[in-house]
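Asker: structure of the sequence below:
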Amino acid sequence: MIGYLSAIACLAIGWSPVQKPAFSFEGKGYFKRYSTSTMTEYTPTGEENLKTWTEMLTVNRYPDAGTGDGLAARANSVLEIYKANGAMVVRTDSMPRTASKPAEHLIVVLFPKPEFIEAAFARFVIADGKGRSIVYSHRIYGKKAGDAMSAWLRKNGERCEKSLMKFVGA
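Answerer: Residues are numbered from 1 along each chain as shown. Okay, the predicted model is just below:
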């Protein structure tokens with residue numbers, strides 16, 4: 001009963017409890033914004049509007065891709081989907097499996113659109129016996145965003161890729 005009264009009191013005075021981020025990435029807390037049965041999107045504080053975000057981390061779950069071959073097939077399929085949607089491939093890489101870790105795959109692409117350009121860093125991993133991709137995306141808005149994105153990638157691309165390859169939090 002006390003919990004309900006506290007919640008009502010908070011609403012009455014216009015205060016809401018502080019939501020904790022789902023995880024941190026590169027020193028920023030990320031909050032769940034949208035979810036389906038196989039995909040969840042997260043953005044940092046101040047980027048609640050999914051039409052105007054600049055940073056997003058998306059987790060895609062592939063329950064049918066729990067083997068090395070299955071994960072590789074899924075990564076290749078996603079790469080083809082990216083290309084079919086106008087992506088410019090910046091780089092791809094595969095890290096072979098080791099005794100302690102399954103193989104992983106990386107895809108880095110740019111999506112140039114008339115109103116923005118988006119850089120997407122997609123890491124494909126097996127976690128808990130199931131495939132998943134963790135995609136860090138950065139957008140720059142404007143009709144001439146290409147130069148700004150080139151500068152952003154020179155300054156931040158390698159760091160973002162390394163951070164993503166170490167990330168275990170989603």
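
Asker: list the buried ones in the helix or strand residue 120 falls within?
Answerer: Residue 120 is part of strand 116-127, with elements assigned from DSSP states H and E. Within strand 116-127, the residues that count as buried by 16 or more other Cβ atoms under 10 Å are 116-126. Glycine gets a C-beta too; all of them are placed from N, C-alpha and C.

Asker: now those in TSV, with distance to residue 29 and pLDDT?
Answerer: Converted to TSV, these look like this (distance: Cβ to Cβ, whole Å; pLDDT from 0 to 100):
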residue	distance to residue 29	pLDDT
116	24	95
117	25	97
118	22	97
119	21	98
120	21	98
121	19	98
122	22	97
123	20	97
124	25	97
125	22	95
126	26	93
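
Asker: send me the strand holding residue 120 as CSV with only the CA atoms.
Answerer: Output of strand 116-127 as CSV, limited to C-alpha atoms (Å, rounded to 0.1, in the frame of the first residue of the first chain):
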residue,chain,number,x,y,z
PHE,A,116,21.3,12.2,-42.8
ILE,A,117,24.2,9.8,-43.0
GLU,A,118,24.5,6.9,-40.6
ALA,A,119,27.5,4.9,-39.6
ALA,A,120,26.7,1.4,-38.3
PHE,A,121,29.1,-0.9,-36.5
ALA,A,122,27.6,-4.4,-36.2
ARG,A,123,29.2,-7.1,-34.1
PHE,A,124,27.9,-10.7,-34.4
VAL,A,125,28.4,-13.0,-31.4
ILE,A,126,27.1,-16.1,-29.8
ALA,A,127,25.9,-15.5,-26.2
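
Asker: ok and the helix or strand following it relative to strand 116-127, angle-wise?
Answerer: Remark: after strand 116-127, the chain's next helix or strand is strand 130-141, criterion DSSP H and E. Orientation note: strand 130-141 sits at an angle of 160 degrees relative to strand 116-127 (axes from the mean of the first three to the mean of the last three Cα atoms, to 10 degrees).

Asker: same for the helix or strand just after strand 130-141, what does it pack against?
Answerer: Per DSSP H and E, the first helix or strand lying C-terminal to strand 130-141 is helix 146-166. Here helix 146-166 touches strand 104-112, strand 116-127, strand 130-141, going by 3 or more Cβ pairs under 8 Å, 6 or more residues apart in numbering; DSSP states H and E.

Asker: no more questions from me, cheers.
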